[in-house]
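Asks: build the 3D model from these lines:
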Amino acid sequence: MEMIQLRYHDTTAQIQQVGAQIASFKGPDGREVIWQADPAVWAQHAPVLFPVCGSVRDGQIRIAGESYPMAKHGFTRTPVFEIAQRGEDQVDLVLRDSEETRGSYPFSFAFHVIYKLFDGGFVTTFQVENHSDRVMPFCVGGHPGFVCPMEPGAAFEDYQLVFEQRESGENTLAPGGYLCNGTEQLAELRDGRILPLTHGLFDERDALIFAGLKSRSVRLVHRDSGRGLRFDFPKMEVLAVWTKPGAQADYLCLEPWHGMPGRVQDSDNFEDKPYVTLLAPGNVFSAWFTATLLG
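Replies: Numbering: from 1, shown residues only. Here you go, the predicted structure:
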């Protein structure tokens with residue numbers, strides 16, 4: 001199956017129809033920004049997450065009293081998305097419900113993932129349409145992996161996350177990448193805004209999960225040069241940050257979620273999940289995130 005090629009001036013991208021993942025993004029200087037899915041480390045580029053973000057208890061969700069099987073992050077990694085619309089600098093990919101999806105998620109829907117390039121950046125938009133005759137609960141999110149370090153001679157530990165506003169540093173713990181179980185205050189978050197990156201942060205915890213942020217923008221930048229990218233997620237309530245524990249890998253995922261993994265104290269009713277969206281019949285939900293190169 002062909003890779004979808006996008007271009008806007010000197011900015012280029014490649015999009016996979018399988019899973020609707022962005023597989024390459026290059027700015028005017030031609031450097032690759034997206035993790036190249038090394039199968040020995042993490043064989044993904046930038047998964048899209050629907051209808052759950054993170055893990056659910058025992059791989060099951062409950063809707064209207066019935067239990068359904070549900071994989072971590074949902075079922076969008078392997079289906080081939082249809083091309084709804086396509087232009088030189090943008091593409092709209094859509095996944096519609098099928099017999100297979102209804103076995104784990106009993107709703108009629110259309111899930112659009114729309115990519116659009118601009119000078120030195122791209123925007124990813126999620127659009128969810130409820131074609132059912134009842135309220136549809138869902139979570140949605142992104143999982144893009146960015147090359148880190150981004151410049152020759154640099155190391156992962158030369159980079160930091162800089163939050164737009166001062167934050168409390170509260171991190172939701174999800175041991176082993178499973179259910180959320182308690183919180184901690186990250187001592188590493190300096191002045192409420194700067195988080196120096198180390199592999200040890202993730203070796204000890206798996207993902208960092210920041211819920212209820214005041215910031216809707218972070219910068220992933222080299223601490224000296226300031227080069228990197230700005231990541232905006234204006235309608236997403238949660239930002240997860242992840243690289244594979246123990247791998248010492250050269251990438252970092254910035255994951256904007258409108259949702260959360262299951263929590264140990266929760267009921268398993270889908271509609272009770274944190275940050276879940278309850279979409280009325282015939283309605284449409286839209287949210288997006290943007291990555292812009294800096295320096």
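Asks: only C-alpha atoms from now on, for both contacts and neighbour counts.
Replies: Will do.
Asks: now Gly200, what are its backbone angles?
Replies: phi -60, psi -30 (degrees, to the nearest 10).
Asks: equivalent analysis for the one 5 residues further on, please.
Replies: Geometry field for Arg205 lists phi and psi as phi -130, psi -20, criterion degrees, to the nearest 10.
Asks: residue contacts, it?
Replies: Leu173, Ala174, Pro175, Gly176, Pro245 (CA atoms under 8 Å, 6 or more residues apart in numbering).
Asks: what number of residues lie near the closest residue to Pro47 other than its chain neighbours?
Replies: Nearest residue to Pro47 in three dimensions, chain neighbours excluded: His143, at 5.2 Å (CA to CA, 6 or more residues apart in numbering). For His143, the neighbour count with other CA atoms under 10 Å is 24.
Asks: please report the distance of His143 from Phe231.
Replies: As judged by CA to CA, to the nearest Å, His143 and Phe231 stand 12 Å apart.
Asks: so which of the contacts of Arg205 belong to helices?
Replies: Among the contacts of Arg205, no residue falls in helices (DSSP state H).
Asks: what sits closest to Arg227 if chain neighbours are left out?
Replies: Arg227 sits nearest to Gly295 (CA to CA, 6+ apart), 4.6 Å away.
Asks: isn't that neighbour up against His222?
Replies: No: counting by CA atoms under 8 Å, Gly295 stays clear of His222, with 10.1 Å between them.
Asks: of these two, who's got more company?
Replies: Neighbour count, other CA under 10 Å: between Gly295 and His222, His222 has more, with 23 against 8.
Asks: mean confidence for stretch 90-109?
Replies: Across stretch 90-109, pLDDT averages out at 97.
Asks: for Val147, give me its contacts.
Replies: Val147 sits next to Glu32, Val33, Ile34, Trp35, Asp250, Tyr251, Leu252 when contact means CA under 8 Å, 6+ apart.
Asks: from Asp29, how far out is Phe156?
Replies: Phe156 sits 21 Å away from Asp29, going by CA to CA.
Asks: more neighbours: the two, which one.
Replies: Ranked by neighbour count (other CA under 10 Å), Phe156 and Asp29 place Phe156 first, with 20 against 9.
Asks: what about the more buried one, distance to Leu220?
Replies: For Phe156, the distance to Leu220 - CA to CA - is 11 Å.
Asks: what does Ser286 give?
Replies: Per CA to CA, Ser286 is found 25 Å from Leu220.
Asks: who has more neighbours out of these two?
Replies: Taking neighbours as other CA under 10 Å, Ser286 and Leu220 compare with Leu220 leading, 27 against 12.
Asks: what is the more buried one paired to in the beta sheet?
Replies: Beta-bridge partners recorded for Leu220 (DSSP bridges): Leu161, Leu229.
Asks: quick one: residues contacting it.
Replies: Leu220 sits next to Tyr159, Gln160, Leu161, Val162, Gly228, Leu229, Arg230, Phe231 when contact means CA under 8 Å, 6+ apart.
Asks: any chance of those in CSV, plus neighbour count and pLDDT?
Replies: Shown next, in CSV, are the contacts of Leu220 (neighbours: other CA atoms under 10 Å; pLDDT from 0 to 100):
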residue, neighbour count, pLDDT
Tyr159, 25, 98
Gln160, 23, 98
Leu161, 20, 98
Val162, 21, 98
Gly228, 24, 98
Leu229, 23, 98
Arg230, 20, 98
Phe231, 22, 98
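Asks: among the residues you listed, which two are most distant?
Replies: Tyr159 and Phe231 (14.4 Å; CA to CA).
Asks: look up phi and psi at Val33.
Replies: Torsion angles, degrees, to the nearest 10, at Val33: phi -110, psi -30.
Asks: any idea how far it is from Phe25?
Replies: 6 Å.
Asks: Leu279 too?
Replies: Taken as CA to CA, the span from Leu279 to Phe25 is 32 Å.
Asks: burial count for Pro39?
Replies: Counted with other CA under 10 Å, residues neighbouring Pro39 total 8.
Asks: from His45, how far off is it?
Replies: Counting by CA to CA, the gap from Pro39 to His45 is 11 Å.
Asks: what's the closest of the contacts of Arg205 to Ser267?
Replies: For the contacts of Arg205, the nearest to Ser267 is Ala174 (16.8 Å; CA to CA).
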